[in-house]
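Visitor: please find the sequence and the predicted model below.
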Amino acid sequence: MNTVCKPKFNLGQVLATPGALEALEESAQSPQFFLEKHQHGDWGEVCQEDKELNDQSLVDGSCILSAYKTLMGDRIWIITEAKNDLGHRTATTILLPSEY
């Protein structure tokens, strides 16, 4: 039996900075790989407090931040913006920490 986990939240429009795209290309990794981890609640390499804040964000609609390392050792962040007035998350951005 093949079980598919439902995403914990919608990503909205997905954007990526030039630096993040370059890091992903250099590591031969897909943005989708990291987006799926992010969307399913694998927050990556963030501290316990940020994990707890992300879990709370699933309830209250605030911003979600995940951090991962590519196979080449580059650190990338994925940030999903807070819900808008209609209750929708409008955008998720993949970026390098230096591009924040």
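Guide: Everything's here; your move.
Visitor: would you mark the buried spots in the helix ranked longest in the chain?
Guide: The longest helix of the chain (DSSP state H) is helix 48-60. Neighbour-count burial for helix 48-60 flags 50-51, 53-54, 57 (criterion: 16 or more other CB atoms under 10 Å). Every C-beta, even on glycine, is put in place using the N, C-alpha and C of the backbone.
Visitor: I'd like those residues as a markdown table, with distance to Lys83 appended.
Guide: Putting those into a markdown table (distance: CB to CB, whole Å) gives the following:
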| residue | distance to Lys83 |
| --- | --- |
| Asp50 | 19 |
| Lys51 | 20 |
| Leu53 | 15 |
| Asn54 | 14 |
| Ser57 | 9 |
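Visitor: okay if I get these as JSON lines plus distance to Leu24 and pLDDT?
Guide: Below are the buried residues of helix 48-60 laid out as JSON lines (distance: CB to CB, whole Å; pLDDT from 0 to 100):
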{"residue": "Asp50", "distance to Leu24": "22", "pLDDT": "97"}
{"residue": "Lys51", "distance to Leu24": "23", "pLDDT": "98"}
{"residue": "Leu53", "distance to Leu24": "25", "pLDDT": "97"}
{"residue": "Asn54", "distance to Leu24": "22", "pLDDT": "97"}
{"residue": "Ser57", "distance to Leu24": "24", "pLDDT": "95"}
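Visitor: okay, now Ala23: neighbour count?
Guide: 22 (other CB atoms under 10 Å).
Visitor: now do Ser98
Guide: 9.
Visitor: can you give me the distance of Thr93 to Glu52?
Guide: Separation of Thr93 from Glu52 (CB to CB, to the nearest Å): 22 Å.
Visitor: I meant to write Ile79 there.
Guide: From Ile79 over to Glu52 (counting by CB to CB), the distance is 17 Å.
Visitor: one more: Gly44?
Guide: Gly44 is 14 Å from Glu52, by CB to CB.
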